[in-house]
Each structure stands twice: as C-alpha cells, then as structure tokens.
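Novice: Please work out how this folds:
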Amino acid sequence: MGIGPAEHMAGGEGDVARQRLAQERRDLAKDCPFGCYARPIKLADGSTDVMTWAAGIAPRSGSAYALAPGENYRLQLKFPLSYPSEPPLVSFVPPVFHTNVWADSGLVCLSLLLDAGHHGGTVRSCWSPLLSLKEILLALQSLLDEPNPASVANAEACELLRKSGVSAYTARVKSEAAAYPARLARYMAALAVSPAAAAAAAKL
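Specialist: The predicted structure follows:
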C-alpha cells in the first residue's frame, strides 16, 4: 500500500505521531464504540494519508440527533505532526447544527480537543496525550446531547437554546437530523467533483 504526502517528512518529522496513530488504528480494530469507526483516508492515487482520518459516530440511544439504523454522522480528524502532544482538529463533514460546532467549517469546539494555545488561553484545555481515539469518539457522541453555551461556536444554535429553551432547541435538532442524510448525499457527491464543491455543498 502506498503512502501519501504526509508520510514524506524530512528528518523523521512526525514519526512519533505516525507510530501512535498506527497503534490507535490497531486498538480501534479490537475495540471501537458501537456504531463508530475511524480510519486514515485514501487519496486519489490509492495511497493513504495517515495524518487525516475519516470517522463516523452514531448518536446515543434516544438522542435528538437520532438517524436511521446503520447511519452515522461523518467527521474528519486532521492530526498535527506534534500529535499526541497536541490534539487533532475535528470537524463534522458536513457541519451539524450544534452550539459547539462551527456552522461554516464544522469544526468542533470542545475543551477535550483544545491545546493550551487555542483561543488565547480563554478556554480551558482538557487535552492529554494519553487520550485515545476511542475516548475522543465517545466524547463526540456525548457532545451531541450535551450542548455547552459557555463555549460558543454556532451563535444561532446558542441563541436558540438560551432564549427559547431546550424544547425549541431539541425540535430544531430533530428537524436538522431528519435532513442530514440528504445533506450528506449532496456533500459526498460534491466531494467527488472537488473539495471546493464539497465545501460549498456543506453550507446548503
């Protein structure tokens, strides 16, 4: 199997990250949360980009984000060469409606995934190099049903939760969840054309 551009680093840069990610992949193959997956992406030339992973999470039972059986929310994890000293950037692709997910990029705002340099130190970092990918997937599952208005990414979602309450927020989430499969299909079709087309489709 070929390796992607992220593999070709001078002087062994990123070796620790790649070794850790290889171990994480083996661990997930043995013990992955129910309804979830995470694996390095395949590039157009058939090689693997070990520093960029595709993932999916299934909402917990009874979640307002519930999807049809077998369906899940798609994510992208981009690992820095300094991983695991620094956390990955995690994004929902396409974005989901949530107080802690940026509406334009799908980037997740979660203290678990912040290092000390994020937000000028205004958001407390809970990142630890000891955190496993399994724990990250479980944290993302929990985040869906545990919006945090104190760590705002989506102003519209936060305003709805604060002013109209949990019931109105939950109703909007259920409506968005019902529309998600169609949005995902549009996103994936656009991604087959180009990343730029996918980015535009994610905003629809």
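Novice: Tell me where the longest strand sits in this structure.
Specialist: strand 48-57 (DSSP state E).
Novice: Return the set of buried residues in it.
Specialist: For strand 48-57, a neighbour-count test (16 or more other Cβ atoms under 10 Å) marks 48, 49, 50, 51, 52, 53, 54, 55, 57 as buried. (Glycine included, C-beta is placed from N, CA and C.)
Novice: Distance of the fifth one relative to residue 19?
Specialist: What that stands for is residue 52. Here residue 52 is placed at a distance of 17 Å from residue 19 (Cβ to Cβ, to the nearest Å).
Novice: picking up where we left off before, between the buried residues of strand 48-57, which is closest to residue 14?
Specialist: residue 51 (7.1 Å; Cβ to Cβ).
Novice: State the pLDDT value of the closest one.
Specialist: Listed pLDDT for residue 51 reads 97.
Novice: I'd like to know how far it sits from residue 40.
Specialist: In terms of Cβ to Cβ, residue 51 sits 8 Å off from residue 40.
Novice: Residue 58 too?
Specialist: Relative to residue 40, and taking Cβ to Cβ, residue 58 is found at 20 Å.
Novice: Residue 29 now?
Specialist: For residue 29, the distance to residue 40 - Cβ to Cβ - is 13 Å.
Novice: Give me the more crowded residue out of the two.
Specialist: Each of residue 29 and residue 40 has its neighbours counted (other Cβ atoms under 10 Å); residue 40 has more, 21 against 9.
Novice: Tell me how far that one lies from residue 171.
Specialist: 38 Å.
Novice: Repeat that for residue 193.
Specialist: For residue 193, the distance to residue 171 - Cβ to Cβ - is 34 Å.
Novice: try residue 138
Specialist: Where residue 171 is concerned, residue 138 sits at a distance of 26 Å (Cβ to Cβ).
Novice: now do residue 179
Specialist: 13 Å.
Novice: can you check residue 24 too?
Specialist: From residue 24 to residue 171 the distance is 37 Å (Cβ to Cβ).
Novice: and these two? which has more neighbours close in?
Specialist: Taking other Cβ under 10 Å, residue 24 and residue 171 do not tie; residue 24 has more neighbours (19 against 13).
Novice: Is it correct that that one falls within a helix?
Specialist: Yes: under DSSP: H, G, I helix; E, B strand; the rest coil, residue 24 falls within a helix.
Novice: Run through the residues that contact the closest residue to it other than its chain neighbours.
Specialist: With sequence-adjacent residues excluded and distances taken as Cβ to Cβ, 6 or more residues apart in numbering, residue 24 is closest to residue 133, at 4.6 Å. Residues in contact with residue 133 (Cβ atoms under 8 Å, 6 or more residues apart in numbering) are 24, 27, 28, 38, 77.
Novice: now do residue 88
Specialist: 53, 77, 78, 79, 80, 113, 136.
Novice: For the chain, give me the ranges with low pLDDT.
Specialist: Along the chain, the model assigns pLDDT under 70 to residues 1-12, 116-125, 194-204.
Novice: try 50
Specialist: 1-3, 5-11, 119-122 (pLDDT under 50).
Novice: Quick one: the helices in this protein, in order.
Specialist: 15-30, 133-144, 155-191, 195-202 (DSSP state H).
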